[in-house]
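> Test case, fold it:
(one chain, ligands or ions: 1)
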Amino acid sequence: MDRIIIRNETESDHREVETLIREAFWNLNVPGCDEHYLAHMIRSHYDLIPELDLVAELDGRIIGSVMYTRSHLTDESGNEMETLTFGPLAVLPGYQRMGVGKALLERSFEIARNMGYEVIVIFGSPANYIARGFKSCKKFNICPEGNIFPTAMLVKELKEGALDGRKMTFHESIAFNYDCAEAEKFDSLFPPKQKEYRASQEEFYIYSHSSVN
Ligand SMILES: CC(C)(COP(=O)(O)OP(=O)(O)OC[C@H]1O[C@@H](n2cnc3c(N)ncnc32)[C@H](O)[C@@H]1OP(=O)(O)O)[C@@H](O)C(=O)NCCC(=O)NCCS
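Below is the predicted model:
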């Protein structure tokens with residue numbers, strides 16, 4: 001772990017990072033994956049925060065990546081608060097569960113705090129993020145349009161007390177609205193991989209179709 005360098009992604013890293021994201025997400029949530037295309041699109045989007053586009057490098061090889069986009073919350077009077085959202089976050093299979101994801105996130109939190117950001121809102125598997133201080137969106141009275149608190153919607157205060165319990169609606173960047181057909185075309189630029197069913201896809205289904213009451 002002490003040999004891991006966390007640094008900003010550069011243009012020459014792009015294909016290596018997309019390949020690692022594809023390897024990490026392939027067949028995880030659905031047969032195949034689109035996250036490498038998402039990363040490709042997010043990079044050129046105005047909501048990307050370049051300072052928070054990070055890679056973890058070990059002996060010259062990129063083994064982890066995270067990128068952040070701008071998002072925001074609005075309260076019922078229309079007041080707005082700028083927030084951060086990360087994703088994709090990926091660690092190369094073979095290097096997972098060794099603290100690389102943790103190192104990437106902790107470094108990004110430090111940078112984000114120094115930039116003045118106070119709140120991060122994500123959609124993800126709770127088991128991956130509760131140890132990083134994320135809590136259910138319900139605890140902060142934050143939800144997407146409507147009144148449902150998705151199980152996978154998690155919130156972290158970078159500054160304690162930044163959220164005061166007021167009902168807030170979350171708006172993620174439009175960078176996440178991608179065209180699935182374009183994602184498929186982009187994937188064909190990579191070596192062919194078999195799309196298969198995995199049990200983890202059921203877990204993803206449960207998390208992405210459930211809410212906290
Ligand atoms: C999710 C992912 C980014 C986490 O990165 P990682 O380097 O594997 O994880 P870390 O070793 O840093 O562990 C992070 C936390 O996960 C949890 N964790 C670690 N090992 C675990 C295990 N074997 N089982 C369950 N949870 C575990 C712990 O809470 C840990 O934090 P802690 O060490 O402070 O307790 C990585 O596994 C990955 O790329 N997975 C595939 C893609 C993905 O799921 N991305 C996230 C989408 S939501």
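> Please identify which helix or strand holds the residue of the chain found nearest the ligand.
At 2.2 Å from the ligand, Gly101 is the closest residue in the chain, using Cβ to the nearest ligand atom. Every residue, glycine included, has its C-beta placed from N, CA and C. Gly101 belongs to helix 100-114 when assigned by DSSP states H and E.
> how much space is there between the most far-flung residue of the chain relative to its centre and Glu145?
Centroid-distance maximum for the chain: Ser77 at 28.5 Å, with Cα atoms, centre = their mean. Separation of Ser77 from Glu145 (Cβ to Cβ, to the nearest Å): 16 Å.
> what do you get for Glu172?
Taken as Cβ to Cβ, the span from Glu172 to Glu145 is 11 Å.
> more crowded one of the two?
Each of Glu172 and Glu145 has its neighbours counted (other Cβ atoms under 10 Å); Glu172 has more, 19 against 8.
> ok, and the closest non-adjacent residue to that one?
Nearest non-adjacent residue to Glu172, counting by Cβ to Cβ, 6 or more residues apart in numbering: Ser71, 4.8 Å away.
> And the next helix or strand past the helix or strand hosting that neighbour?
Secondary-structure element containing Ser71, defined by DSSP H and E: strand 61-75. Using DSSP H and E, the helix or strand that follows strand 61-75 in sequence is strand 80-91.
> elements contacting that next one?
Counting contacts by 3 or more Cβ pairs under 8 Å, 6 or more residues apart in numbering; DSSP states H and E, strand 80-91 packs against helix 14-25, helix 35-43, strand 61-75, helix 100-114, strand 119-123.
> quick check: angle from it to helix 14-25?
Interaxial angle, strand 80-91 versus helix 14-25 (axes from the mean of the first three to the mean of the last three Cα atoms, to 10 degrees): 80 degrees.
> The residue sitting nearest the centre point of the chain and Gly78: what is the separation?
For the chain, the residue nearest the mean C-alpha position is Gly87 (2.0 Å; Cα atoms, centre = their mean). Distance, Gly87 to Gly78, using Cβ to Cβ: 27 Å.
> Next, the buried residues of stretch 145-155.
Neighbour-count burial for stretch 145-155, with 16 or more other Cβ atoms under 10 Å as criterion, is recorded at Phe149, Pro150, Thr151, Ala152, Met153, Leu154, Val155.
> mind listing which of these are in strands?
Cross-referencing the buried residues of stretch 145-155 against strands under DSSP state E gives Met153, Leu154, Val155.
> Surely the first one is in contact with Phe140?
Looking back up the chat, that one is Met153. No - Met153 sits out of contact with Phe140 when judged by Cβ atoms under 8 Å, with a separation of 9.9 Å.
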